[in-house]
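1. When you get a sec, could you give me coordinates for this:
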Amino acid sequence: MGKPTGFMDYERQELALRAPAERMQDWEEIKTSSLPDREALRCQAARCMDCGVPFCHSGIMLNRMVSGCPLHNLMPEFNDLVYRGMDDYAYARLHKTNNFPEFTSHVCPAPCEGACNAGLVNNPVAIKNIEQYIIENAFAKGLVKPEAPVSRSGKRVAIVGSGPAGLACADQLNKAGHSVTVFERADRPGGLLMYGVPNMKLDKKLVERRIKLLEDAGVTFVLNAEVGVKVASSTLLEEYDAVVLCTGATVPRDLPVKGRDLEGIYFAKEYLHSVTKSLLDSNFADGLAVDAKDKDVVIIGGGDTGNDCMATVIRQGCRSVRQLEINPCLPHSRTEENPWPQFPRVFKTDYGQEEAICKFKEDAREFCITSKEFIGEDGHVTGLRVCQNEWKVVDGRRGPVDIPGTERVIPAQLILLAMGFAGSEQHLVNEFRVAKNATNSIAANDKDYMTSVPGVFAAGDARRGQSLVVWAIAEGRGAAAAVDKYLKE
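-> Numbers count the residues shown, from 1 in each chain. Reported below is the predicted structural model:
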């Protein structure tokens with residue numbers, strides 16, 4: 001513990017974001033810098049108490065939410081090393097547990113900070129910013145290099161899907177000496193890191209930089225290769241010693257109400273994909289992105305994806321935007337039902353919502369809203385009929401109940417469905433003939449990650465359902481260890 005009084009001497013200070021009025025004019029990184037000020041970070045690292053019983057790296061489930069880091073990153077250790085100016089050692093300690101700190105430091109909701117002991121009586125340590133400093137400083141100093149194995153085992157592994165779980169699994173198995181080929185159905189590797197997260201939240205140069213390192217280390221990527229369509233499962237099973245399914249939970253939740261067949265209604269997933277692809281392909285010159293320009297936009301879903309959609313439609317020049325959530329607004333501070341060290345379920349205003357407030361001078365979010373019907377003319381959506389609800393216990397179950405007399409129509413020429421995901425795609429399950437579980441995910445236990453088909457494994461959201469990037473990386477590492485053991489038996 002570098003400075004015993006650090007958590008009292010220094011206030012929590014996060015890496016500043018560019019001002020909303022500035023950043024919403026472009027598609028560049030919303031943060032002011034990829035490499036925070038060194039001395040400011042030393043003060044932040046000094047706030048770590050190096051607790052006798054730290055929870056930040058516990059990664060345990062409390063009240064169905066993760067508390068602490070699922071990767072079990074050694075936060076107190078690398079915080080202390082940063083405070084002492086031993087940045088190279090801090091990188092070595094961080095890299096020991098996390099394959100891709102540049103991803104988690106941008107998109108992870110930081111369950112480590114929610115479980116930080118300093119948060120009991122004060123603000124938690126700014127762990128994400130310290131993590132970002134460590135990895136970007138390591139890149140700047142040339143410490144991050146391809147990690148090719150000394151020798152090859154002669155075993156071949158096929159990984160289906162190049163999201164965070166697939167990339168972590170590929171990285172670990174390649175280091176173990178196995179020959180790894182990653183099959184990706186999109187035209188660029190990265191999965192949701194590439195096409196599911198907007199560029200301003202995670203610059204695609206960071207993804208491309210990491211992919212290049214993996215390729216230089218010996219990992220092979222095969223693109224435009226959808227398994228079950230362009231590549232047969234039988235081919236993978238015959239030509240490879242093991243197959244790992246890391247395809248994510250990509251079935252979006254639908255809203256099957258009247259008018260759903262109208263044009264102008266998109267899943268958030270396909271909307272964000274179209275925008276990022278058009279940006280990367282042609283800087284929007286190809287005109288292939290779903291466009292919100294001069295439109296009234298309604299986003300159904302109040303989570304991170306809905307926030308990303310809000311930031312995106314604002315950059316496209318929407319006329320107005322509303323974000324609707326069926327649930328009540330979260331409290332502004334922890335309640336008795338959500339004590340530390342549970343993940344804090346509290347109200348927050350994210351970057352896209354900040355930009356909406358800046359542009360339209362009001363919060364674009366509405367809570368306790370039930371969507372009843374899509375309204376349209378000439379086959380295209382023109383509005384959404386909604387109703388205010390209140391949450392009550394009916395027949396022993398708590399749920400939304402419509403409030404009479406509160407129905408209204410919100411004008412909308414573009415509606416985005418951002419209500420989460422409902423498991424793995426059925427065609428892949430059928431292709432490999434693997435069993436599913438009750439959540440429509442691929443059935444595989446968390447000891448050996450093996451599916452019902454010998455030699456076929458599953459990891460990430462494909463196995464556990466919709467979750468966090470940090471969980472996907474942890475799953476990829478766990479599956480890689482299981483596959484390595486299987487190949488050596």
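
2. Not counting sequence-adjacent ones, nearest residue to G119?
-> W340 (6.3 Å; CB to CB, 6 or more residues apart in numbering). Backbone N, C-alpha and C define where each C-beta goes, glycine included.

3. Could you do A21 as well?
-> Nearest residue to A21 in three dimensions, chain neighbours excluded: C358, at 5.6 Å (CB to CB, 6+ apart).

4. Surely the residue nearest to G119 forms part of a strand?
-> No - counting by DSSP: H, G, I helix; E, B strand; the rest coil, one finds W340 to be coil, located in no strand.

5. how close does it get to C56?
-> Separation of W340 from C56 (CB to CB, to the nearest Å): 12 Å.

6. just N389 next, same as before
-> Using CB to CB, we find N389 at a distance of 37 Å from C56.

7. out of those two, which sits in the more crowded spot?
-> Using other CB atoms under 10 Å as the criterion, N389 and C56 rank with C56 on top: 30 against 19.

8. contacting residues for that one?
-> Listed by CB atoms under 8 Å, 6 or more residues apart in numbering, the contact partners of C56 are 68-69, 73, 75-76, 112-113, 115-117, 125, 127.

9. can you rerun that using 10 Å?
-> 48, 67-69, 72-76, 79, 110-119, 124-125, 127, 341 (CB atoms under 10 Å, 6 or more residues apart in numbering).

10. List the contacts of K392.
-> 398-401.

11. Got a PyMOL select line for the buried ones in these?
-> Listed next is the PyMOL selection for buried residues among these, using 16 or more other CB atoms under 10 Å:
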select buried, resi 400
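
12. as a whole number, average confidence for the host helix or strand of E22?
-> Using DSSP states H and E, E22 sits in helix 20-23. For helix 20-23, the mean pLDDT works out to 97.

13. Convert the C-alpha atoms of it to CSV, please.
-> Taking Å, rounded to 0.1, in the frame of the first residue of the first chain, the C-alpha atoms of helix 20-23 are listed here in CSV:
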residue,chain,number,x,y,z
PRO,A,20,-21.0,17.1,-25.4
ALA,A,21,-21.4,20.0,-27.8
GLU,A,22,-18.0,19.2,-29.3
ARG,A,23,-18.0,15.4,-29.4
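
14. Nearest residue to Y195 in space, please, no chain neighbours.
-> In space, and not counting its chain neighbours, Y195 is closest to H273: 4.4 Å by CB to CB, 6+ apart.

15. Find residues that contact each of W340 and C56.
-> Common contact partners of W340 and C56 (CB under 10 Å, 6+ apart): 67, 114-117, 119, 124.

16. Please dump the contacts of K392 into TSV; it should also carry secondary structure and pLDDT for every row.
-> Compiled in TSV, these are given as follows (DSSP: H, G, I helix; E, B strand; the rest coil; pLDDT from 0 to 100):
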residue	secondary structure	pLDDT
R398	strand	93
G399	strand	93
P400	strand	96
V401	strand	96
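
17. Okay, helices next: where are they in the stretch 51-200 of the chain?
-> 75-83, 87-95, 101-107, 111-114, 127-140, 164-175, 192-195 (DSSP state H, counting those that start in this stretch).

18. Can you say which of those helices is packed in most?
-> Comparing these by mean neighbour count (mean count of other CB atoms under 10 Å), helix 164-175 ranks first with a mean of 28.

19. Quick one: distance of stretch 378-396 to the chain centre.
-> Using CA atoms, centre = their mean, to the nearest Å, the mean C-alpha position of stretch 378-396 is found 28 Å from that of the whole chain.

20. Flag every buried residue along it.
-> For stretch 378-396, the buried set under the neighbour-count rule, 16+ other CB under 10 Å, comprises 381-389.

21. Pretty sure L414 is one of the things G317 touches, is it not?
-> No - checked against CB atoms under 10 Å, the pair G317 and L414 is beyond contact range at 11.9 Å.

22. And the most centrally placed residue in the chain, its phi and psi?
-> Centroid check for the chain by CA atoms, centre = their mean gives V469 as the closest residue, at 4.4 Å. In terms of degrees, to the nearest 10, the main-chain angles of V469 are phi -60, psi -40.

23. OK, contacts around it?
-> Counting by CB under 10 Å, 6+ apart, V469 has contacts 100, 103-104, 106-109, 163-165, 168, 191-193, 196-197, 202, 460-461.

24. re earlier: check the spacing between the residue nearest to G119 and C116 real quick.
-> From W340 across to C116, the span is 9 Å (CB to CB).

25. any residues in contact with both of those two?
-> Common neighbours of W340 and C116 (CB under 10 Å, 6+ apart) are 55, 124.

26. one step back: comparing G317 and L414, which residue is more hemmed in?
-> L414 (26 against 11).

27. And that one, how close does it get to G383?
-> Using CB to CB, L414 is found at 11 Å from G383.

28. what touches both of these two?
-> Common neighbours of L414 and G383 (CB under 10 Å, 6+ apart) are 296, 298.

29. Columns mean pLDDT and distance to G264 on top of the helices of the stretch 51-200 of the chain, output as a markdown table?
-> Formatted as a markdown table, those follow (pLDDT from 0 to 100; distance: least, CB to CB, whole Å):
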| stretch | mean pLDDT | distance to G264 |
| --- | --- | --- |
| helix 75-83 | 94 | 45 |
| helix 87-95 | 97 | 45 |
| helix 101-107 | 96 | 28 |
| helix 111-114 | 96 | 37 |
| helix 127-140 | 95 | 37 |
| helix 164-175 | 98 | 32 |
| helix 192-195 | 97 | 21 |
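
30. For V346, which of these is the nearest?
-> Between V346 and the helices of the stretch 51-200 of the chain, the shortest separation by CB to CB is 9.4 Å, and it involves helix 111-114.

31. May I ask you to name the longest strand in the protein?
-> Determined from DSSP state E, the single longest strand within the chain is strand 380-394.

32. so where is the stretch 351-489 of the chain shaky, pLDDT-wise?
-> Counting by pLDDT under 70, the stretch 351-489 of the chain contains no low-confidence residues.

33. Would you map the helices across it?
-> With DSSP H, counting those that start in this stretch as the criterion, the stretch 351-489 of the chain has helices at 351-360, 426-432, 461-464, 469-488.

34. Turn these into a markdown table, columns for distance to P149.
-> Putting those into a markdown table (distance: least, CB to CB, whole Å) gives the following:
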| stretch | distance to P149 |
| --- | --- |
| helix 351-360 | 40 |
| helix 426-432 | 28 |
| helix 461-464 | 26 |
| helix 469-488 | 12 |
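
35. closest one to I159 among the ones you listed?
-> helix 469-488 (8.8 Å).

36. okay, the angle between the closest one and helix 164-175?
-> Relative orientation of helix 469-488 and helix 164-175, computed by axes from the mean of the first three to the mean of the last three CA atoms, to 10 degrees: 40 degrees.

37. mind listing what's buried in helix 469-488?
-> Neighbour counts using 16+ other CB under 10 Å place 469-484, 486-487 of helix 469-488 among the buried residues.

38. next one: phi and psi at the residue lying closest to K293 once chain neighbours are set aside?
-> Spatial nearest neighbour of K293, excluding adjacent residues (CB to CB, 6+ apart): G317 at 4.3 Å. As for G317, its main-chain torsions (degrees, to the nearest 10) stand at phi 90, psi 40.

39. List the residues that contact G317.
-> Counting by CB under 10 Å, 6+ apart, G317 has contacts 291-295.

40. between those, which has the most around it?
-> Counting neighbours by other CB under 10 Å, the top entry in those is A292, with 23 neighbours.

41. Report the separation between that one and G317.
-> Distance, A292 to G317, using CB to CB: 7 Å.

42. do the same with L143
-> For L143, the distance to G317 - CB to CB - is 42 Å.
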